[in-house]
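turn this into a model:
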Amino acid sequence: MSKFVKLIQVDGKLPNLALMKLSSYYKENGYQVDFTRSVHKDLFDKNYHFVFASSIFKFSKNRIQRLKQNYPKAIIGGTGTDDWKLSIEDYIGDYDKYDYTIYPEYNFSLGFTQRGCRLKCKFCVVPIKEGKNRSVINSVYDIWRGEGYPKKLHLLDNDFFGQPEEQWKLRVKEIQEGKFQVCFNQGINIRLIDETVAENLATINFKDDSFTRKRIYTAWDNIGDEKRFFKGVNLLVKYGIKPNQIMAYMLIGYDKRETWDRIWYRFNKMVDVGVYPYPMVYDPLQQKTELKQFQRYAVRQYYRHKTWKEYLYWYNNRSISSMDQKKQIDLYENK
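From the prediction side, this is the model:
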């Protein structure tokens, strides 16, 4: 008699390691595994023995509710849920194989060299969920899928340079000697960068998440960290990393003291030195529509050829002619 398991990725663009691990485990144990990104019940759904789902973003609350309605017995985990402490090890034990076949469109390798974080940001669950900063592999070759696959590592580390120095230096050496391209997807803690870290980071062939351009991801979330943020930027530049190769996430909508002046201050400071700002809206209830518009304005770099006021008029009047848009903008500017 056939046995079936359904795996649902509620959100996130990257392959989900937890679901990949579940897929490998249940296939090894004779189950047929179905993977989907849809939370809706399929007309031809099988009689599943288990339904597992993973969500990493709080804004997926409505999708999770629909999923629960369709699959009342679903086991749902991840940082986007109320049960973020739930671990797949509770169901499959200590198991470390991953099934990449559920993501046939991806050919890179995905994983962690370390877990935990030195920082304790109030909005972040990592220090609570992952504990103290520590190394979790013996070599980057433990992550690479092996011969036949490109040497592209998508590292999910929250604090790569926070693991013991002798460990991260070994990882850097392996990356250099193995000629790996690396995406530090979760970012580098720029506030804690020193000369040694900056010098070593500059020797890595760092890439964006599509492996098409040079990119370092970092963050400037707290306006009070301005000096430490730009000290880190200057150190990276000193060792040859260009400002336009740095993308800095900027959390908005979280601090109750936040004003538009404070948002624009961070944004303009980064743009002025050539750093690419990427606003991240803290909006679990999906109500902060103007902040969402600001995010779009920044991420798509409309600021390079439109003022904020021009952008808002353009966005709200996309169906009218460009000449009429210009007239409306002139009217607005002259009020």
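
per-residue pLDDT, the closest residue to T81 other than its chain neighbours?
Excluding the flanking residues, the one nearest T81 by CB to CB, 6 or more residues apart in numbering is S55, at 5.3 Å. Just so you know, the C-beta spots here come from the backbone N, C-alpha and C atoms, and that holds for glycine as well. Note for S55: predicted pLDDT of 94.

thought S55 was touching G78?
Yes - applying CB atoms under 8 Å, one finds S55 in contact with G78, separated by 4.5 Å.

where do the contact lists of these two overlap?
Common neighbours of S55 and G78, counting by CB atoms under 8 Å, 6 or more residues apart in numbering, are V10.

quick one, which of these two is more surrounded?
Neighbours were counted for S55 and for G78 using other CB atoms under 10 Å; S55 has more, 26 against 22.

that one and T79, how far apart?
8 Å (CB to CB, to the nearest Å).

low pLDDT regions in the stretch 1-150 of the chain?
121-128, 130 (pLDDT under 70).

would you list every one of the helices in it?
Assigned by DSSP state H, counting those that start in this stretch, the helices in the stretch 1-150 of the chain fall at 17-28, 61-70, 89-92, 126-130.

ranking these by burial, who's on top?
helix 17-28 (a mean of 20; mean count of other CB atoms under 10 Å).

can you list the neighbours in contact with that one?
5, 7, 9, 33, 35, 50, 52, 54, 77-78, 88, 91-92, 95-103, 110-111, 156.

tabulate the CA atom coordinates of that helix in CSV.
Provided in CSV are the C-alpha atoms of helix 17-28 (Å, rounded to 0.1, in the frame of the first residue of the first chain):
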residue,chain,number,x,y,z
LEU,A,17,16.2,23.3,3.9
ALA,A,18,13.6,21.9,6.4
LEU,A,19,11.3,20.7,3.6
MET,A,20,14.3,19.3,1.6
LYS,A,21,15.3,17.3,4.7
LEU,A,22,11.8,16.0,5.2
SER,A,23,11.6,15.0,1.6
SER,A,24,14.8,13.0,1.7
TYR,A,25,13.8,11.3,4.9
TYR,A,26,10.4,10.2,3.8
LYS,A,27,11.5,9.1,0.4
GLU,A,28,14.1,6.9,2.1
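
begin at 22, not 1, for the rest of this chat.
In the new numbering, first residue 22, that becomes helix 38-49.

centre of the chain to that helix, how far?
The chain centre lies 22 Å from the centre of helix 38-49; the measure is CA atoms, centre = their mean, to the nearest Å.

tell me the buried residues in stretch 320-332?
323-324, 327, 329, 331-332 (16 or more other CB atoms under 10 Å).

and which of those is nearest A240?
Using CB to CB, Y324 comes nearest to A240 of these, at 19.1 Å.

gap between the closest one and L312?
Distance, Y324 to L312, by CB to CB: 15 Å.

make a PyMOL selection of whichever of the contacts of helix 38-49 turn out to be buried.
Restricted to buried positions by 16+ other CB under 10 Å, the PyMOL selection for these reads:
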select buried, resi 26+28+30+54+56+71+73+75+98+99+109+119+120+121+123+124+131+132+177
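
that concludes my questions; thank you for your assistance.
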